[in-house]
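K.L.:
heads up, no residue letters with this:
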DNA sequence: AAATAAACGGACCAATCTTGTCCGTTTCCT
DNA sequence: AGGAAACGGACAAGATTGGTCCGTTTATTT
């Protein structure tokens, strides 16, 4: 017996809702919240993901898949700096969109997720080191340090309470960071 | 009758605990949490700050006082770039330490806090514009945009889950940002 | 040292939120 | 049409949170 059509549709809705909820409020969203957001009953969410870990793994895997795709595109790019900056921008964007996750991404998810994370890290390292090798990217930073910078624009505010301008807030930080990273 | 010695001591403990708690978890810490952190009973906290706004105003004022002091020092500095970068570093540090506040700093606190905030913003603007006027700081950013950058290193993680290295994580971001901001 | 009043602590209550289950009803597929 | 799979949301149990109240402790005064 194949998967029922409504079950499939609801599964997709739940995953999407979970992604939205997690992105906004972090990993500890309640199942009821997700169900409401998805427009289904709680029972449906619990039936699909009896364990919380399974749900989180699904969400993380979903995000990582997108990022891996971005990284592949960057590596295909002929110009090393262009590839790097596009990947960097992409990571910045995704990080900002999923700001709620904070640093909790590396603690969760099963081996499959760990595998994806490893793949993404490897691709990213290659993109960074290629740009450094061609003298386009400053060499005094380890690739992990460069990578860590992608989190910078995701901040939601600062001590002074100046709300980041959603329109170009990221853009400004991104510009300054790239200018600080570029060589020659 | 003067203020009793233990009352004074406890008030200080509560304020310190509130600062720590707010810095870590944001403005919506529970009174019970603060009391536990301070090592006093809840009653003591409620007695000292019957209204939540009063407590938050006290915390914010405490933080702002420190920042204003830093800003004054920066303005006293002879070298415009040195003054700017030291203020920038100071703001980065404070922002990171109070990461939990996110952008909620400008919504709260009474008129007294608003006054302090205004003073800090004015000082900061002068530091930035002086550095720009002397051609040491790039001019294509408004002072508000420059200011917003101080939030960047405060991020706690990124999509990739690389935990910022507490030892020099801030340092790396700071270096790149300053290199991206410096002129000539 | 004794008296007094201020300050304390934490048990306690009510309201809210979260997890997780269960079963009568609906929906899909044959 | 009929049966199984999936649904939804009421419900119970436990955890949190805001806030009060009163018996006990502690600082100060005389």
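P.N.:
Everything's here; your move. Keep in mind the model is a prediction, meaning the values are calculated, not measured. Numbering: from 1, shown residues only, chains lettered A, B, ... in the order given.
K.L.:
domain assignment for chain A?
P.N.:
A:1-50, A:51-181 (automatic domain parsing).
K.L.:
quote the end-to-end distance of the longest one.
P.N.:
With C-alpha to C-alpha, to the nearest Å as the measure, domain A:51-181 spans 43 Å from end to end.
K.L.:
related to what we said a few turns ago, by mean pLDDT, show me the worst of the domains of chain A.
P.N.:
Mean pLDDT is lowest for domain A:51-181 among these, at a mean of 87.
K.L.:
point out the residues in chain A that sit beside DNA strand C.
P.N.:
By C-beta under 7 Å from any atom of the strand, the residues of chain A that approach DNA strand C are A:1-2, A:4-6, A:28, A:30-33, A:42-43, A:46, A:50, A:52. Bear in mind the C-beta positions are built from the backbone N, C-alpha and C, glycine included.
K.L.:
looking at the residues you listed, which are in helices?
P.N.:
A:5, A:6, A:31, A:32, A:33, A:42, A:43, A:46, A:52 (DSSP state H).
K.L.:
want to throw those residues into a markdown table with distance to DNA strand D?
P.N.:
Formatted as a markdown table, those follow (distance: C-beta to the nearest atom of the strand, whole Å):
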| residue | distance to DNA strand D |
| --- | --- |
| A:5 | 9 |
| A:6 | 5 |
| A:31 | 10 |
| A:32 | 8 |
| A:33 | 13 |
| A:42 | 4 |
| A:43 | 2 |
| A:46 | 7 |
| A:52 | 15 |
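K.L.:
of the residues you listed, grab the buried ones for PyMOL.
P.N.:
Per 16 or more other C-beta atoms under 10 Å in any protein chain shown, the buried members of those correspond to this PyMOL selection:
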select buried, chain A and resi 31+33
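K.L.:
residue A:21: which of the ones in helices among the residues of chain A next to DNA strand C is nearest?
P.N.:
residue A:33 (5.8 Å; C-beta to C-beta).
K.L.:
does the closest one touch residue A:21 like I think?
P.N.:
Yes: assessed by C-beta atoms under 8 Å, residue A:33 is found in contact with residue A:21 at 5.8 Å.
K.L.:
pull the most distant pair out of the residues of chain A next to DNA strand C.
P.N.:
Maximum distance among those (C-beta to C-beta): 35.7 Å, for A:1 and A:28.
K.L.:
comparing those two, which residue is more hemmed in?
P.N.:
residue A:28 (10 against 3; other C-beta atoms under 10 Å in any protein chain shown).
K.L.:
residue B:28 versus that one, what's the distance?
P.N.:
14 Å (C-beta to C-beta, to the nearest Å).
K.L.:
same deal with residue A:174?
P.N.:
Distance from residue A:174 to residue B:28, by C-beta to C-beta: 31 Å.
K.L.:
tell me the buried residues in stretch A:65-72?
P.N.:
A:67, A:68, A:70, A:71.
K.L.:
ok, stretch A:174-184 next?
P.N.:
By neighbour count with 16+ other C-beta under 10 Å, stretch A:174-184 contains the buried residues A:174, A:175, A:176, A:177, A:178, A:180, A:181, A:182.
K.L.:
list of residues touching it?
P.N.:
The contact list for stretch A:174-184 (C-beta atoms under 8 Å, 6 or more residues apart in numbering or on different chains) reads A:81, A:85, A:88-89, A:92, A:135-139, A:141, A:146, A:149, A:152-153, B:141, B:149, B:152, B:175-181.
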